[in-house]
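Engineer: show me the folded form of this:
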Amino acid sequence: MTPPAVLLTGVGKRYDIVACFARLTKTVAVDPSALAPAQYAAHVRVAVPRVDDPAYIPALEGLCEQHGVGAVLPLTDLDIEHLADARAQGRLPAFVPSPEVARATYDKYEAHLLLARLGLPSPTTVLPDADLDAIGYPVMVKPRRGSGARSIHLARDAAQARFFADYIQEPVMVQRAMQGPELSIDCLGDLRGRCINAIPRSMIESRGGESIKGTVVADNELVALAKRTMEALEVTGPATIQVFRDPEVGLAITDVNTRFGGAFPAPVYASPPGRSYPELIVAMAAGEEVEPAVGEFRAGLTFTRYYWQLELDDQLAPTGRDIVPGGPPPPSRESPG
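Structural biologist: You can find the predicted model right below:
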């Protein structure tokens, strides 16, 4: 049987994610921008209203009905709450957590409180109206709803913390500055909130808050923490859990993003054959029962991301030309000189 279609929202530049789904089934890519490059990897591309437009969810509903969509996945933080509400109302087959978890994880202070309530490790975090002279330093002052490493500042004492809290023009929080290595775990939850897999990786380099280089690591402690977190939050769909391994505190979660992360290639490369996250999502959308295989992956694989582009004509259709005839050349296997 032909699997149901998949609809991806806010596709932006994530050509890799769209292309992986398009290889498996009919893929509908939507974005408010008609110039979003990733939409050209899909079978159907549609410019939809902005997330804050009341017509946004109805537009997605119409596309789901028109194209037989069995799974809707966000590729940005901006609409996860809207999709969660629509899922709870039975309007969209969105692979997102409950509205309560979606709202909490979009607000980093609320996420801290939620993790603490569930007994999950999170760094000491306060609001700027707390007694900032009574907490330990250094700290990070950052937006509660920030993304892409925007407006994050290191403060070494209470005076600096107050300055940055006043300087940032949006609600902020003050969080212990974690030491030690930063790591992420790319996870997938099924429609009942069971963790299907959790694949840890190092964060060799990030740009604009998005991982562009990393290595899949074998770390049972990270896998166990990710499984515990995913199932405590009952996450459906993909999630990226960011942690630090602080020499004093141990492991602590600094962020939970209930969508694919920048390091999407890592779990695709590392997954066993036939069990990449896109393959499992398409199977679940088709009604198949996918059994968990937490901790089954290949460690030691490294990814490094790069940039390419499209030429569009005056109707915004691809011309088929490329700056290198035939497209990106295959990677050279020559060893460094």
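
Engineer: note down every partner strand of the worst-scoring helix or strand of the chain on mean pLDDT and its orientation.
Structural biologist: When the helices and strands of the chain are compared on mean pLDDT, DSSP states H and E, strand 205-207 comes out lowest with a mean of 89. Using DSSP bridges, the strands paired with strand 205-207 in its sheet are strand 210-215 (antiparallel).

Engineer: how distant is the strand it pairs with from the center of its chain?
Structural biologist: Taking the mean of its C-alpha atoms, strand 210-215 sits 13 Å from the chain's own mean (C-alpha atoms, centre = their mean, to the nearest Å).

Engineer: so how far is the least confident helix or strand of the chain off the chain centroid?
Structural biologist: Relative to the centre of its chain, strand 205-207 is centred 15 Å away, using C-alpha atoms, centre = their mean.

Engineer: same thing with stretch 294-306?
Structural biologist: Averaging C-alpha positions (C-alpha atoms, centre = their mean) puts stretch 294-306 16 Å from its chain's average.

Engineer: cool, and stretch 141-154?
Structural biologist: Taking the mean C-alpha point of stretch 141-154 and that of its whole chain, the gap between them comes to 16 Å (C-alpha atoms, centre = their mean).

Engineer: show me what that stretch is in contact with.
Structural biologist: 77, 106-110, 128, 138-140, 155, 160-161, 164-165, 167-168, 170-175, 177, 206, 208-210 (C-beta atoms under 8 Å, 6 or more residues apart in numbering). Every residue, glycine included, has its C-beta placed from N, CA and C.

Engineer: show me which of those are buried.
Structural biologist: Of all the contacts of stretch 141-154 considered here, the ones buried according to neighbour count by 16 or more other C-beta atoms under 10 Å are 77, 106-110, 128, 139-140, 155, 160-161, 164-165, 168, 172-175, 177, 206.

Engineer: looking at those residues, which are in helices?
Structural biologist: Among the buried ones among the contacts of stretch 141-154, the members falling in helices are 106, 108-110, 160-161, 164-165 (criterion: DSSP state H).

Engineer: wait, which of the residues you listed is closest to Ser271?
Structural biologist: Closest approach to Ser271 among those (C-beta to C-beta): Tyr106, at 27.2 Å.

Engineer: give the contact list for that closest one.
Structural biologist: Neighbouring residues of Tyr106 by C-beta under 8 Å, 6+ apart: 77, 80-81, 145.

Engineer: kindly export the top strand by length along the chain (C-alpha atoms) in PDB.
Structural biologist: Looking across the chain with DSSP state E, the single longest strand is strand 237-246. Extracted as PDB, the C-alpha positions of strand 237-246 are listed here (Å, rounded to 0.1, in the frame of the first residue of the first chain):
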ATOM      1  CA  GLY A 237       7.500  12.700  17.400                       C
ATOM      2  CA  PRO A 238      11.100  14.000  17.300                       C
ATOM      3  CA  ALA A 239      12.900  15.900  20.100                       C
ATOM      4  CA  THR A 240      16.400  17.100  20.800                       C
ATOM      5  CA  ILE A 241      17.500  17.200  24.400                       C
ATOM      6  CA  GLN A 242      20.500  19.400  25.200                       C
ATOM      7  CA  VAL A 243      22.600  18.700  28.300                       C
ATOM      8  CA  PHE A 244      25.800  19.600  29.900                       C
ATOM      9  CA  ARG A 245      28.000  17.200  31.900                       C
ATOM     10  CA  ASP A 246      29.200  19.600  34.600                       C
END
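
Engineer: neighbouring strands - and their directions - for it?
Structural biologist: On the basis of DSSP bridges, the sheet neighbours of strand 237-246 come out as strand 182-189 (antiparallel), strand 250-257 (antiparallel).

Engineer: tell me which of those strands sits most buried.
Structural biologist: Greatest average neighbour count among the strands paired with strand 237-246 goes to strand 182-189 (a mean of 25), per mean count of other C-beta atoms under 10 Å.

Engineer: secondary structure, distance to Glu221 and pLDDT added to the contacts of Tyr106, as JSON lines?
Structural biologist: As requested, these are arranged in JSON lines below (DSSP: H, G, I helix; E, B strand; the rest coil; distance: C-beta to C-beta, whole Å; pLDDT from 0 to 100):
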{"residue": "Asp77", "secondary structure": "coil", "distance to Glu221": "27", "pLDDT": "94"}
{"residue": "Ile80", "secondary structure": "helix", "distance to Glu221": "28", "pLDDT": "98"}
{"residue": "Glu81", "secondary structure": "helix", "distance to Glu221": "31", "pLDDT": "97"}
{"residue": "Arg145", "secondary structure": "coil", "distance to Glu221": "30", "pLDDT": "90"}
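
Engineer: format the residues you listed as a markdown table; extra columns: distance to Arg45.
Structural biologist: Converted to a markdown table, those look like this (distance: C-beta to C-beta, whole Å):
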| residue | distance to Arg45 |
| --- | --- |
| Asp77 | 21 |
| Ile80 | 21 |
| Glu81 | 24 |
| Arg145 | 28 |
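
Engineer: of these, which is the nearest to Gly320?
Structural biologist: Using C-beta to C-beta, Asp77 is the member of the contacts of Tyr106 that lies nearest Gly320, at 33.7 Å.

Engineer: distance of the closest one from Leu222?
Structural biologist: Computed as C-beta to C-beta, to the nearest Å, the Asp77 to Leu222 distance reads 23 Å.

Engineer: now Ala111
Structural biologist: 18 Å.

Engineer: higher neighbour count, the two?
Structural biologist: Legend: neighbour count by other C-beta atoms under 10 Å for Ala111 and Leu222, higher for Ala111 (25 against 22).
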